[in-house]
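Visitor: Prediction below, plus the sequence it came from.
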Amino acid sequence: MDTKDAITESANEVIQKKTTSNRNEWWDESCKLIMSQKNEARRKYLHVKTGATREIYEAKRTEANKVCRENKRVWINKKINEIEKACNKNDTRIFFLKKLSFSINSNRFY
């Protein structure tokens, strides 16, 4: 084993990388898939600018926006229901924690 590899390996064991959490909890595989399809259609449109490629790109963009908007709407409604349940049970600790995390994480609505 090379010295550099040994140092790198031991450093990776000692200093663990921080895993980043998903900022948008509503972002899932369906959003990722539709966005990659939209991006591919955009690349094709930018490469060959014709009316047909533009229509395909616009259709994919509309579909991607619709899917992501719906996922976010479902997530927001789920969070609102959790907050309301905590409020109805007079569980103020959970109520304020969920309310605070909800207001910090979702600063924009569609």
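Guide: Yep, it's here. Numbering: from 1, shown residues only.
Visitor: can we go C-alpha only for contacts and neighbour counts from here?
Guide: Fine.
Visitor: Could I get the pLDDT score of residue 21?
Guide: If you check residue 21, the pLDDT there is 63.
Visitor: for residue 9, that is, sorry about that
Guide: 84.
Visitor: Show me what the helix ranked longest in the chain is packed against.
Guide: In the chain, with assignment by DSSP state H, the single longest helix is helix 51-88. Packing partners of helix 51-88 (3 or more Cα pairs under 8 Å, 6 or more residues apart in numbering; DSSP states H and E): helix 29-47, helix 92-105.
Visitor: Least confident of the ones you listed, on average?
Guide: Taking the mean pLDDT of the helices and strands packed on helix 51-88, helix 92-105 comes last: a mean of 64.
Visitor: what residues are up against the residue nearest the centre of the chain?
Guide: Nearest to the geometric centre of the chain sits residue 27, at 3.1 Å (Cα atoms, centre = their mean). Neighbour list for residue 27: 68, 71-72 [criterion: Cα atoms under 8 Å, 6 or more residues apart in numbering].
Visitor: nearest to residue 90, of these?
Guide: residue 72 (27.0 Å; Cα to Cα).
Visitor: Test my guess that that closest one contacts residue 26.
Guide: Yes. Using Cα atoms under 8 Å, residue 72 is in contact with residue 26, at 5.3 Å.
Visitor: thinking again about what came up before, dump the contacts of residue 27 to CSV, plus neighbour count, pLDDT and distance to residue 38.
Guide: What follows is the contacts of residue 27, written out as CSV (neighbours: other Cα atoms under 10 Å; pLDDT from 0 to 100; distance: Cα to Cα, whole Å):
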residue, neighbour count, pLDDT, distance to residue 38
68, 20, 94, 12
71, 17, 94, 17
72, 19, 91, 18
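Visitor: tell me which of those is nearest to residue 44?
Guide: For the contacts of residue 27, the nearest to residue 44 is residue 68 (22.0 Å; Cα to Cα).
Visitor: and the gap between that closest one and residue 50?
Guide: Distance, residue 68 to residue 50, using Cα to Cα, to the nearest Å: 27 Å.
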